[in-house]
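Student: predicted model and sequence follow; I will ask about them next.
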Amino acid sequence: MSEAPASTPSAQPAKKSMDAIMALCKRRGFIYQTSEIYGGINGFWDYGPLGAQLKKNLRDAWWQDMILNPCWGRKGPNGNRVRCVPLETCIIQHPKVWEASGHVGGFNDPMVDCKESKGRYRYDHVQVFVPESGDAGDKPVFAYVGDQPSEAKQRKKAEKTFGAIKSVTLSSIPQPWARVIGPDAEKPGTLTEPRMFNLMFDTIPGAIRDEANKAYLRPETAQGVFVNFKNVVDTTRVKLPFGIGNTGRSFRNEVTPRNFTFRSREFEQAELEFFCHPDESVEWYKFWRDFRMDWWKAIGLAGENLILREHDKDELSHYSQGTSDVEYRFPFTAPGYGELEGIAHRGNYDLTQHENTSRTKLKYFDAERGELLPNGSRKGEWYIPHCIEPAAGLDRGALALICEGYTRDESRPSPEFLKLHPRVAPIKAAVFPLVAKDGMPEVGEKLYDELFAKFGRMGFIEFDEKQSIGKRYARMDEAGCPFCFTVDGDTLTNQTVTVRDRDSGQQERIGIDKVSGFLSEKLG
RNA sequence: GCGGGUGUAGCUCAGUGGUAGAGCGUCAGCCUUCCAAGCUGAAUGUCGAGGGUUCAAAUCCCUUCGCCCGCUCCA
């Protein structure tokens, strides 16, 4: 999450109510709490009929624009069409995968809590001021964490107590608990012993329960790509540069799941690992970063709620030459932003790690590089490709689409509606007879059959003749259906219907034979 | 994990120890020629869960779970 840039204009739209959005999601069947009839379980959510279709449409859009027709046919920085292939890998991988990736270490950080300040600190981040020489004896020692006000404060106190001091890690002191003053505390003995917070879920494959066989549910889909890199190269005739895309569920045992589906313990990712020569990697990084921003805009997040945030140098991993986040201003992060997708230049870190850990050669032989030989071919070059990783959260994307689309306009007869982009809207169109008599239902059903046959594979097409026309429009507005076609008295004489635009409420009249063409154009 | 708030129908919420409620939504019928209209009717709840106090608990007490806010965490 990041703060709003100082330059953001004050023209901030009225803050949307997250409660109202969550109520609508429940009411219209977008998102439910999982196992709700048993009281729910923290950090897990189910998608209702409309939500499931919305998320599928989002996933399909990603698949279409990242794998089947990457970047809408845009040429990459090398002047060629971008090439990508899909992959589908397991949630449970060999445990060594997560050792190589660093997750087993990084995800199992011991933490200490402070009973006085209520703070929690990473055990290995806590430093302690002790006398420069000798023992502190019965006197308390002063803990602090770097880059925080606690350091200066504790230093002053420690110098007053001991005179000359030095700094050591908390973990280097045996049994310190009774005499340590926490970073933000006044009294000694308030820190708890370190406790493990397992951020990876584990399980034990095999019928016989044996801890030695422990395996993890993946915390990201990316590693499945890296460990299959050699397989894809060996079996599919791909040539660098190319990408491997992968969507699927990942699991993180978040300390505090929060903010509706934004931070869930089970979530779905859509990740592309794009491999290229090190010399071209920065260009590709910029290319993907810009395309991913354009993509989110194109499916409905246009506007100032969406920003691209380039990480500062000191935020970057040691192997990265650049990372950007596509961030959206959710109602619960405003005026700050929450991450939708990270685009990371990962260097050759992952492949190198797996090469070292698995002792399998993951270098790539690039036959189009190296010196020119007399016969016209090239000598070739061995290298570990660099990787650019655009990694999107589909649940966060779906939530952003809902938040962005949620609109409240008191001047409308149906004040709440969802402005979903037609491409992702779960209901694509609805057909209504104005009244259920005079032959209108029959004409409407015929039109419905036609639209269902042509567009039913993209999403739901609705037909409804019950109740007043206003109520039917209102229902479609809340469900985010972009277009309603209404058969009225005039239809029976001149073969035209009205098409109502969800966002403006305006209607225009088009020939009943033009409806399919109209929808084709609008749905893309 | 800590602190605060909260939990009653699908949604929003009334209900401070004595028969479980309203509005909206949903469904059905009537009506209706363009925006949640009207009329009639219907369905829907172990009052988050478990335990306790009481003749009697949605209401008081304890435990627990979920959600919201603030810390913390976010490789």
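Tutor: Thanks, I have the structure now.

Student: how about low-confidence regions in chain A?
Tutor: Within chain A, the stretches with pLDDT under 70 are A:1-15, A:105-111, A:113-120, A:136-138, A:146-149, A:174-178, A:190, A:193-198, A:314, A:318.

Student: give me the most central residue, it.
Tutor: Nearest residue to the geometric centre of chain A (Cα atoms, centre = their mean): residue A:393, 1.7 Å.

Student: which residue lies farthest from the center of chain A?
Tutor: residue A:134 (51.7 Å).

Student: roughly how far does that one sit from RNA strand B?
Tutor: Plainly put, residue A:134 is 32 Å away from RNA strand B if you go by Cβ to the nearest atom of the strand, to the nearest Å. Backbone N, C-alpha and C define where each C-beta goes, glycine included.

Student: go on, residue A:25?
Tutor: 9 Å.

Student: for that residue, what are its contacts?
Tutor: Residues in contact with residue A:25 (Cβ atoms under 8 Å, 6 or more residues apart in numbering) are A:31, A:48, A:51, A:402.

Student: that older thread, phi and psi next, for the residue farthest from the centre of chain A.
Tutor: The phi/psi pair for residue A:134 (degrees, to the nearest 10) reads phi 80, psi -170.

Student: before we move on, the earlier item: who does the residue nearest to the centre of chain A bridge with?
Tutor: residue A:269 (DSSP bridges).

Student: what is the neighbour count of residue A:368?
Tutor: 11 (other Cβ atoms under 10 Å).

Student: that one in helix, strand or coil?
Tutor: coil (DSSP: H, G, I helix; E, B strand; the rest coil).

Student: give the full set of residues in contact with it.
Tutor: Here residue A:368 is in contact with A:239, A:378, A:380 (Cβ under 8 Å, 6+ apart).

Student: okay, it and RNA strand B: tell me how far apart.
Tutor: From residue A:368 to RNA strand B the distance is 34 Å (Cβ to the nearest atom of the strand).

Student: likewise residue A:336?
Tutor: Distance from residue A:336 to RNA strand B, by Cβ to the nearest atom of the strand: 10 Å.

Student: for residue A:234, same thing?
Tutor: Distance, residue A:234 to RNA strand B, using Cβ to the nearest atom of the strand: 27 Å.

Student: do you know how far that residue is from residue A:385?
Tutor: 14 Å (Cβ to Cβ, to the nearest Å).

Student: quick revisit: so which of the contacts of residue A:25 sit within strands?
Tutor: Applying DSSP state E to these, the entries found in strands are residue A:31.

Student: most neighbours of all the contacts of residue A:25, which one?
Tutor: If you rank those by neighbour count (other Cβ under 10 Å), residue A:31 sits at the top with 26 neighbours.

Student: give me phi/psi at the spatially closest residue to it that is not a sequence neighbour?
Tutor: Computed as Cβ to Cβ, 6 or more residues apart in numbering, the closest residue to residue A:31 that is not its neighbour in sequence is residue A:25, at 4.2 Å. The phi/psi pair for residue A:25 (degrees, to the nearest 10) reads phi -60, psi -40.

Student: ok, whichever residue of chain A sits closest to RNA strand B - contacts?
Tutor: Relative to RNA strand B, the nearest point of chain A is residue A:470 (2.4 Å; Cβ to the nearest atom of the strand). Applying Cβ under 8 Å, 6+ apart, we find residue A:470 in contact with A:413, A:414.

Student: before we move on, which element is residue A:325 in?
Tutor: For residue A:325, the element it lies in under DSSP states H and E is strand A:322-328.

Student: ok, residues contacting that strand?
Tutor: By Cβ under 8 Å, 6+ apart, strand A:322-328 touches A:2, A:282, A:285-286, A:289, A:292-293, A:296, A:301, A:305-311, A:315-317, A:337-345, A:392, A:396, A:400, A:403-404.

Student: let's see which of those residues end up in strands.
Tutor: A:306-310, A:338-345, A:392.

Student: which of these are buried?
Tutor: Burial by neighbour count, judged by 16 or more other Cβ atoms under 10 Å, picks out A:306, A:307, A:309, A:338, A:339, A:340, A:341, A:342, A:343, A:344, A:345, A:392 from those.

Student: surely the last one meets residue A:291?
Tutor: Spelled out, that is residue A:392. No - if you go by Cβ atoms under 8 Å, residue A:392 and residue A:291 don't touch, sitting 12.0 Å apart.

Student: please report phi then psi for the residue of chain A closest to RNA strand B.
Tutor: Per degrees, to the nearest 10, the backbone of residue A:470 is at phi -60, psi -40.

Student: one step back: make JSON lines out of the contacts of residue A:25 and add distance to RNA strand B.
Tutor: Formatted as JSON lines, these follow (distance: Cβ to the nearest atom of the strand, whole Å):
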{"residue": "A:31", "distance to RNA strand B": "11"}
{"residue": "A:48", "distance to RNA strand B": "10"}
{"residue": "A:51", "distance to RNA strand B": "14"}
{"residue": "A:402", "distance to RNA strand B": "14"}
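
Student: so which of the contacts of residue A:25 would you say is closest to residue A:253?
Tutor: Distances from residue A:253 to the contacts of residue A:25, taken as Cβ to Cβ, are shortest for residue A:31 (21.1 Å).

Student: now do the contacts for the closest one.
Tutor: So residue A:31 contacts A:22, A:25, A:45, A:46, A:47, A:48, A:51, A:260, A:261 (Cβ under 8 Å, 6+ apart).

Student: gap between the second one and residue A:346?
Tutor: To residue A:346, residue A:25 is 34 Å away according to Cβ to Cβ.

Student: so after the strand or helix carrying residue A:60, what's the next helix or strand?
Tutor: Per DSSP H and E: residue A:60 is located in helix A:49-63. Next along the chain after helix A:49-63, taking DSSP H and E as the criterion, comes strand A:84-87.

Student: mind listing what that following strand pairs with, with the direction of each?
Tutor: Strand pairing (DSSP bridges) places strand A:84-87 next to strand A:242-251 (parallel).

Student: so what touches the strand it pairs with?
Tutor: So strand A:242-251 is contacted by A:59, A:62-63, A:66-67, A:70, A:82-89, A:91, A:200-201, A:217-222, A:224-225, A:228-229, A:232, A:265-275, A:394 (Cβ under 8 Å, 6+ apart).

Student: run through these and flag the ones next to RNA strand B.
Tutor: Restricting these to those adjacent to RNA strand B (criterion: Cβ under 7 Å from any atom of the strand) gives A:219, A:220.

Student: could you give me the PyMOL syntax to select whichever of the contacts of strand A:242-251 are buried?
Tutor: Applying 16+ other Cβ under 10 Å to the contacts of strand A:242-251, the buried members can be selected in PyMOL as follows:
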select buried, chain A and resi 59+62+63+66+67+70+82+84+87+89+91+200+201+217+218+219+220+221+222+224+225+228+229+232+265+266+267+268+269+270+271+272+273+274+275+394
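
Student: surely residue A:340 and residue A:396 touch.
Tutor: Yes - with contacts counted by Cβ under 8 Å, residue A:340 reaches residue A:396, the gap being 5.2 Å.

Student: contact partners for the closest residue to residue A:386 other than its chain neighbours?
Tutor: Distances taken as Cβ to Cβ, 6+ apart put residue A:281 closest to residue A:386, at 3.8 Å, once the chain neighbours are dropped. Residues in contact with residue A:281 (Cβ under 8 Å, 6+ apart) are A:321, A:345, A:347, A:386, A:388.

Student: what about these, which one has the most neighbours?
Tutor: residue A:388 (29 neighbours).

Student: for it, which non-adjacent residue is closest in space?
Tutor: residue A:274 (4.4 Å).

Student: for the stretch 401-524 of chain A, which residues are neighbours of RNA strand B?
Tutor: A:412-416, A:434-438, A:466-471, A:473-475, A:477-478, A:486, A:488-489, A:497-498, A:500, A:505-507.

Student: count the residues that sit near residue A:211.
Tutor: If you count neighbours by other Cβ under 10 Å, residue A:211 ends up with 7.

Student: revised request: answer the last question for residue A:326.
Tutor: 26.

Student: quickly list what it is bridged to.
Tutor: Beta bridges link residue A:326 to residue A:308, residue A:341, judged by DSSP bridges.
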